[in-house]
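In: Using only what follows, build the 3D model:
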Amino acid sequence: MKRVHNSRDRGVALVELALMLPVLITMFLAAIDLGVILREHQIVQNAAREGARFSSLPQNWINPVNPSANVDAIKQRVIDYLAAENISVAAGNITVNQQYPIIVGGLTLQGSCVTVTYARALAVSASPLLPGNPVTLTGKSVFRNLY
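Out: Model (predicted):
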């Protein structure tokens, strides 16, 4: 049996679409936001790794014998890495510790620990359905000092 569509059927479909469209758009934005957050977390982690590697090199050892080395150069290396990926972080959100203890089989070695903290606002927080706070992404890496 053939069903005859009348104008009321189209009106019902339009109302259902109008009710569901904000939910579908919010879910779509949340999925995209999650993907971007995961990508940016990996970039922040890689920036911390690059900073720790850079800090562990002998020419970057901060001591009285090596006056040209400083924490700002290490932080700038991290900032430059993040800037290449369009992420801006203030130097105050980066911590460098060149006296980080690493215990390996009963021995305590010195390492460089770099921690990067980055706060990112959510795209779905603009939606009235899902108010949200910024997500704080943290990357931390430790490299054994080569000095």
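In: most centrally placed residue in this protein?
Out: residue 41 (3.1 Å; Cα atoms, centre = their mean).
In: Please pull up the helix or strand immediately following the host helix or strand of residue 53.
Out: Using DSSP states H and E, residue 53 sits in helix 7-55. Once helix 7-55 ends, the next helix or strand along the chain (criterion: DSSP H and E) is helix 71-83.
In: So which elements touch that following helix?
Out: Applying 3 or more Cβ pairs under 8 Å, 6 or more residues apart in numbering; DSSP states H and E, one finds that helix 71-83 contacts helix 7-55, strand 94-104, strand 107-120. Bear in mind the C-beta positions are built from the backbone N, C-alpha and C, glycine included.
In: If you average pLDDT over each of the ones you listed, which is lowest?
Out: When those are compared by mean pLDDT, helix 7-55 comes last with a mean of 89.
In: Measure how that one sits relative to helix 71-83, angle-wise.
Out: Angle, helix 7-55 to helix 71-83, by axes from the mean of the first three to the mean of the last three Cα atoms, to 10 degrees: 150 degrees.
In: List just the one of the helices and strands packed on helix 71-83 that sits closest to residue 142.
Out: Nearest of the helices and strands packed on helix 71-83 to residue 142, taken as Cβ to Cβ: strand 107-120 at 4.7 Å.
In: what does the closest one rub up against?
Out: 37, 40, 44, 47-49, 51-52, 55-56, 74, 78, 82, 87, 89, 93-103, 134-145 (Cβ atoms under 8 Å, 6 or more residues apart in numbering).
In: Would you write a PyMOL line that selects the buried entries of those?
Out: In PyMOL, a selection of the buried entries from those looks like this (16 or more other Cβ atoms under 10 Å):
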select buried, resi 40+44+47+48+49+51+52+55+56+74+78+82+87+89+93+94+96+97+98+100+135+137+139+141+142+143+145
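In: before we move on, the earlier item: same list, the helices and strands packed on helix 71-83, but as TSV with distance to residue 65 please.
Out: Below are those laid out as TSV (distance: least, Cβ to Cβ, whole Å):
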stretch	distance to residue 65
helix 7-55	16
strand 94-104	14
strand 107-120	15
